[in-house]
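**Student:** based on what follows, work out the 3D shape:
(one chain, ligands or ions: 1)
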Amino acid sequence: METVGVGIVGCGNISAAYLRSVETFRVLRAVACTDLDLGRAQARAKEFGVPKVCSLEELLADPEVQIVVNLTNPKAHEEVSLAAIAAGKHVYTEKPLALTREGGRRILEAARQQGVRVGCAPGTHLGGGLQTCRKLIDEGAIGRPVACAAFMMSHGHESWHPSPAYYYQPGAGPMFDMGPYYLTALVNLLGPVVRVAGMVGIQIPERTITSQPLYGQKIRVETPDHVVGALHFADGAIGTIITTFAVWHSSLPRIEIYGTEGSLSVPDPNSLGGPVRISLAGEREWQEVPLTHGHTDSRTMWGIGLADMAQAILSGRPHRATGELGYHVLDVMEGFFDSAASGRYYQVESTFPRPAPLPQGLPEDVLDD
Ligand SMILES: NC(=O)c1ccc[n+]([C@@H]2O[C@H](COP(=O)([O-])OP(=O)(O)OC[C@H]3O[C@@H](n4cnc5c(N)ncnc54)[C@H](O)[C@@H]3O)[C@@H](O)[C@H]2O)c1
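**Tutor:** You can find the predicted model right below:
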């Protein structure tokens, strides 16, 4: 199979998961990696056999690098993506696309001018669980969707991440960090959002790190750690979302979609698998639905959107985890904050081409028939 060369920028925590999926998807080939801390890049290169460790400038000048994979912290996403685009490279960036709508628009506009592609995580809507939900909704299994609910209830990342401070700065917090999984799943299933309202707060302003190596250090929370949103979808459904880093325990579901003929229980959008469950009008119980699509292996989770983009580049088809989708999600997330600040609804003006569903029956390491 023809391969696409990728260059990794940012060799922190999540780079290992990406490099593991680069090994899995046959279309991807790791060419080079870099980090502000070159020692981290060297360690990752050794672990995964990446042939070259170099500066960002050298990585961007390497003709073997076709896609720059931007795994830096959120505040560096825009700068690194723009540098890659200016060098004529396609970019696949971790979420959020940028810290602000303006930053997101600068990336999309620069890519349009250069004729390169922008992909944006998450790609989890390509997993077997969410593809099964998409098929059920598109086939009318629960009738016309009228409502949805999404809940990401947690106490934050300071108990496990080795350098968790960035999770409490603008560009992260529960909405910008975890919201993209939930919102990308929702808009892939239900289409674009046209209006939102939000209520946000910093509920626990100081955190203590309990992971190593920074155990005991304090973090000041500088972005809301509890975000409540209401969403109006263009097709009429009305949704509710809570993302929080301020809750120890909850028994709320991850995502449910409610239709005129029944309800759909959607699996964790921060995963590729199931379970998918349905309960139709008149039934008392939920029934588990067998997954109609593959790609459920969590080891491939972080590379799936990237691999889809690489295959799309080779065949000329549209990719599925697009910058436009990432921008719409960013617009909605920032909309919750704008609404909370103004006390008014925020009208969402962006939209995106809804990604084509994946074909059924594909091998696990391939994303095209
Ligand atoms: N850790 C996770 O579980 C996880 C999961 C999904 C997505 N993400 C996303 O992935 C991104 C990275 O997260 P992480 O947890 O790996 O963070 P991290 O802090 O562990 O690693 C980020 C790395 O980027 C490097 N970096 C920052 N600015 C840079 C620049 N301008 N040029 C080169 N290198 C630069 C840092 O030195 C660091 O090594 C974030 O956007 C995050 O939202 C993380």
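
**Student:** please report phi then psi for whichever residue of the stretch 101-250 of the chain sits closest to the ligand.
**Tutor:** Nearest to the ligand, among the residues of the stretch 101-250 of the chain, is residue 163, at 4.9 Å (Cβ to the nearest ligand atom). Where C-beta positions appear, they are placed from N, C-alpha and C, glycine not excepted. Here is the backbone geometry of residue 163 (degrees, to the nearest 10): phi -140, psi 80.

**Student:** could you count how many residues lie near the residue nearest to it when sequence neighbours are not counted?
**Tutor:** In space, and not counting its chain neighbours, residue 163 is closest to residue 214: 6.8 Å by Cβ to Cβ, 6 or more residues apart in numbering. Residues near residue 214, counting by other Cβ atoms under 10 Å, number 17.

**Student:** go ahead and measure how far stretch 165-180 is from the middle of the chain.
**Tutor:** For stretch 165-180, the separation from the chain centroid amounts to 12 Å (computed by Cα atoms, centre = their mean, to the nearest Å).

**Student:** mind listing the helices for the chain?
**Tutor:** Assigned by DSSP state H, the chain shows helices spanning 15-24, 38-48, 56-61, 77-86, 101-114, 128-138, 173-190, 304-315, 323-342.

**Student:** contacts for the second one, please.
**Tutor:** Going back to what we said before, that points to helix 38-48. By Cβ atoms under 8 Å, 6 or more residues apart in numbering, the residues outside helix 38-48 that reach it are 8, 11-12, 15-16, 19-20, 22-23, 30, 33-35, 50-53.

**Student:** in CSV, list the helices of the chain along with mean pLDDT and mean neighbour count.
**Tutor:** Converted to CSV, these look like this (pLDDT from 0 to 100; neighbours: other Cβ atoms under 10 Å):
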stretch, mean pLDDT, mean neighbour count
helix 15-24, 95, 20
helix 38-48, 98, 17
helix 56-61, 98, 17
helix 77-86, 98, 22
helix 101-114, 98, 17
helix 128-138, 98, 23
helix 173-190, 98, 26
helix 304-315, 97, 24
helix 323-342, 98, 23
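
**Student:** any chance of the ones you listed in CSV, with distance to the ligand too?
**Tutor:** Shown next, in CSV, are the helices of the chain (distance: least, Cβ to the nearest ligand atom, whole Å):
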stretch, distance to the ligand
helix 15-24, 6
helix 38-48, 5
helix 56-61, 6
helix 77-86, 5
helix 101-114, 13
helix 128-138, 16
helix 173-190, 6
helix 304-315, 11
helix 323-342, 12
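
**Student:** can you say which of the ones you listed is nearest to residue 229?
**Tutor:** For residue 229, the closest of the helices of the chain is helix 323-342, at 4.4 Å, according to Cβ to Cβ.

**Student:** which strands and helices lie in contact with the closest one?
**Tutor:** Under the contact definition 3 or more Cβ pairs under 8 Å, 6 or more residues apart in numbering; DSSP states H and E, helix 323-342 sits against helix 101-114, strand 118-120, helix 173-190, strand 193-201, strand 226-233, strand 346-347.

**Student:** and those as JSON lines, adding distance to residue 323?
**Tutor:** JSON lines is the format used below for these (distance: least, Cβ to Cβ, whole Å):
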{"stretch": "helix 101-114", "distance to residue 323": "5"}
{"stretch": "strand 118-120", "distance to residue 323": "3"}
{"stretch": "helix 173-190", "distance to residue 323": "12"}
{"stretch": "strand 193-201", "distance to residue 323": "17"}
{"stretch": "strand 226-233", "distance to residue 323": "21"}
{"stretch": "strand 346-347", "distance to residue 323": "21"}
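
**Student:** check contacts around whichever residue of the chain sits closest to the ligand.
**Tutor:** Taking Cβ to the nearest ligand atom, the ligand has its nearest neighbour within the chain at residue 12, 1.7 Å off. If you count contacts by Cβ under 8 Å, 6+ apart, residue 12 has them with 35, 40, 71, 73, 163.

**Student:** can you count the residues close to the nearest residue to residue 21 once chain neighbours are set aside?
**Tutor:** Spatial nearest neighbour of residue 21, chain neighbours left out: residue 303 (2.5 Å); criterion: Cβ to Cβ, 6+ apart. Neighbour count for residue 303, taken as other Cβ under 10 Å: 26.

**Student:** which one, of the helices and strands packed on helix 323-342, ends up nearest to residue 134?
**Tutor:** helix 173-190 (5.8 Å).

**Student:** so which elements touch that closest one?
**Tutor:** Packing partners of helix 173-190 (3+ Cβ pairs under 8 Å, 6+ apart): helix 128-138, strand 145-153, strand 226-233, strand 238-244, strand 255-259, helix 323-342.

**Student:** swap the cut-off to 6 Å and go again
**Tutor:** Packed against helix 173-190 by the contact rule (3 or more Cβ pairs under 6 Å, 6 or more residues apart in numbering; DSSP states H and E) you find helix 128-138, strand 145-153, strand 238-244, helix 323-342.

**Student:** among those, which is nearest residue 85?
**Tutor:** For the helices and strands packed on helix 173-190, the distance to residue 85 is smallest for helix 323-342, at 10.2 Å, taking Cβ to Cβ.
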